[in-house]
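Engineer: Turn this into a structure:
(one chain, ligands or ions: 1)
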Amino acid sequence: MLAGKRIVVGVCGGIAAYKVADLVSKLRQAGADVDVILTEHAERFVSALTFSALSQRPVYGDLWEPTGEAAARHIALGREADLLLVAPATANTIARLGQGMADDLLTTVALATTAPLLLAPAMESHMYQHAATQANLRLLAERGAIVIPPESGRLASGEIGPGRLPETPTLLAWISKTLGRNGDLAGRRVVVTAGGTREPIDPVRYIGNHSSGLMGFALAEEARDRGADVTLLAGSVNAIPPDGVTLRRVGTTLELRDATLEAIREAEALVMAAAVADYRVERPAGHKIKKGSADENPDGSLTLHLTPNPDILAEINALVTAGGAPRLIRVGFAAETTDVERNAAAKLARKGLDILVANDVTKPGSGFGTETNEVILLSAGGASERLPLMTKREVARAIWDRVVPLLRDRAPSSRDAEH
Ligand code: C5P
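Structural biologist: Residues are numbered from 1 along each chain as shown. Sure, this is the predicted structure:
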């Protein structure tokens, strides 16, 4: 949750400094209060005016400006910050931070704050890979700094290699994840499945469905931002999966089944938001099926023989009943078109779920590809709760809100014991 958070963004003198303007704008739009500090070198690449216009706050630079106000400011900035991000973090500033120097406002704030320090190194590849830079980064990481790995690609120098500042959504994901690291899912391992499965017909065709993956992604992001260690198993989706989670791509239902069974070994909660194909083509053709070929029936029609896929949640239920994964909290989804509540209650029992999230996909604003969802939450205890139309992120929040107490009861963590 970025709203109301106090984020100090230190911008250093690297060509990627311009990209941070966009980040500041997005942080502001998300409701964060952003204080920007420009190093002396950053001011040669970007203007303070750009950042003050975007952050709607003064931008800090010179520790020794004549009023002396900024000199006192480092204490306040450091004390009030929820997070300090240095982006782009140049080799020079990384070295100064590593040595604990305090020769400008940014390095002084970095020493004066107890907020988490996020570093986004961005520079020419050789500078990034230099033993000195790597040693400084290791040192900072050992002291608790979080280093966002730079991306590989074309750099300003024209060379191709590691050193690019990640794009804004990636930086936002790291910020959200860091802010939430002490949340109510801290230390919990959870698995979320998202998107649709694809069952091959031949090498170029498949049977798929309209799942966009948005609900699963919202669940993964929400869990990540509450401190969970998230494994996201994504089938076919039409959105970019979130950063800051362990992502595994899957194709068919059988692949999803294997990936899910493996991922839950270490997990305490599984949320199956994926739209799983109940059937697959029994024998996918090894070649592209052609009109007028022997693949067709004599009357020109084509027959695909479909065979049932395993029900992943039902298999996991059987595993739990047999004594495997006894603590796993299981949440399923039911996309219904008729008699939603009754069908959903039957599904919850059949699949042995703790929570079933039922939605009527025929309702406007609910279901595939929409940003919103209107759902009913059914619990194993028999409770049923109808939630109003809300964003998928809000639905995700409501689901995890109900999973957290179940986790505390079934798999208390050392943190719970402290309370
Ligand atoms: O039975 P139905 O497909 O409506 O159940 C939906 C729920 O079961 C979803 O959570 C879905 O991810 C899961 N499912 C499954 N294995 C299947 C089909 C659905 O785990 N073969």
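Engineer: make it CA atoms for all contacts and neighbour counts henceforth
Structural biologist: Fine.
Engineer: Show me the strands in the stretch 251-400 of the chain, by range?
Structural biologist: 269-272, 279-281, 306-308, 329-336, 355-360, 372-373, 375-379, 384-386, 390-391 (DSSP state E, counting those that start in this stretch).
Engineer: try the stretch 51-200 of the chain
Structural biologist: Under DSSP E, counting those that start in this stretch, the stretch 51-200 of the chain gives strands at 59-60, 83-89, 117-121, 146-147, 151-154, 160-164, 189-194, 199-202.
Engineer: Output those as TSV; include the columns mean pLDDT.
Structural biologist: Output for those, formatted as TSV (pLDDT from 0 to 100):
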stretch	mean pLDDT
strand 59-60	90
strand 83-89	98
strand 117-121	98
strand 146-147	98
strand 151-154	91
strand 160-164	93
strand 189-194	98
strand 199-202	98
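Engineer: wait, residue 36 sits on residue 53?
Structural biologist: No - here residue 36 lies out of contact with residue 53, judged by Cα atoms under 8 Å, at a distance of 11.0 Å.
Engineer: Among these two, which residue is more densely surrounded?
Structural biologist: residue 36 (28 against 13; other Cα atoms under 10 Å).
Engineer: tell me the SS of that one?
Structural biologist: strand (DSSP: H, G, I helix; E, B strand; the rest coil).
Engineer: In this structure, which helix is the longest?
Structural biologist: Counting residues, the longest helix found in the chain (DSSP state H) is helix 392-410.
Engineer: average pLDDT for it?
Structural biologist: Averaging pLDDT along helix 392-410 yields 96.
Engineer: Report all helices and strands that it contacts.
Structural biologist: Packing contacts for helix 392-410, counted by 3 or more Cα pairs under 8 Å, 6 or more residues apart in numbering; DSSP states H and E, involve helix 214-224, strand 329-336, strand 372-373.
Engineer: go again using 7 Å as the cut-off
Structural biologist: helix 214-224 (3 or more Cα pairs under 7 Å, 6 or more residues apart in numbering; DSSP states H and E).
Engineer: near the ligand at all, the helix it packs on?
Structural biologist: No - for helix 214-224, no contact with the ligand is found by Cα under 6 Å from any ligand atom; the gap never falls below 10.1 Å.
Engineer: avg pLDDT for that helix?
Structural biologist: The model assigns helix 214-224 a mean pLDDT of 97.
Engineer: Flag the shaky bits of this protein, pLDDT-wise.
Structural biologist: 63-64, 66-68, 70-71, 367, 417-419 (pLDDT under 70).
Engineer: Can you pull the residues of it lying near the ligand?
Structural biologist: Going by Cα under 6 Å from any ligand atom, the residues of the chain near the ligand are 272-278, 309-313, 332-334.
Engineer: From the residues you listed, list just the buried residues.
Structural biologist: Neighbour counting by 16 or more other Cα atoms under 10 Å classes 272-277, 309-313, 332-334 among these as buried.
Engineer: Using CSV, please lay out these together with distance to residue 157.
Structural biologist: Shown next, in CSV, are these (distance: Cα to Cα, whole Å):
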residue, distance to residue 157
272, 45
273, 44
274, 43
275, 45
276, 46
277, 48
309, 52
310, 53
311, 53
312, 50
313, 51
332, 50
333, 49
334, 52
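Engineer: so which of those residues would you say is closest to residue 2?
Structural biologist: Top of the list for closeness to residue 2, among these and by Cα to Cα, is residue 273 at 25.1 Å.
Engineer: Contact partners for that closest one?
Structural biologist: Neighbouring residues of residue 273 by Cα atoms under 7 Å, 6 or more residues apart in numbering: 192, 193, 194, 215, 216, 332, 333.
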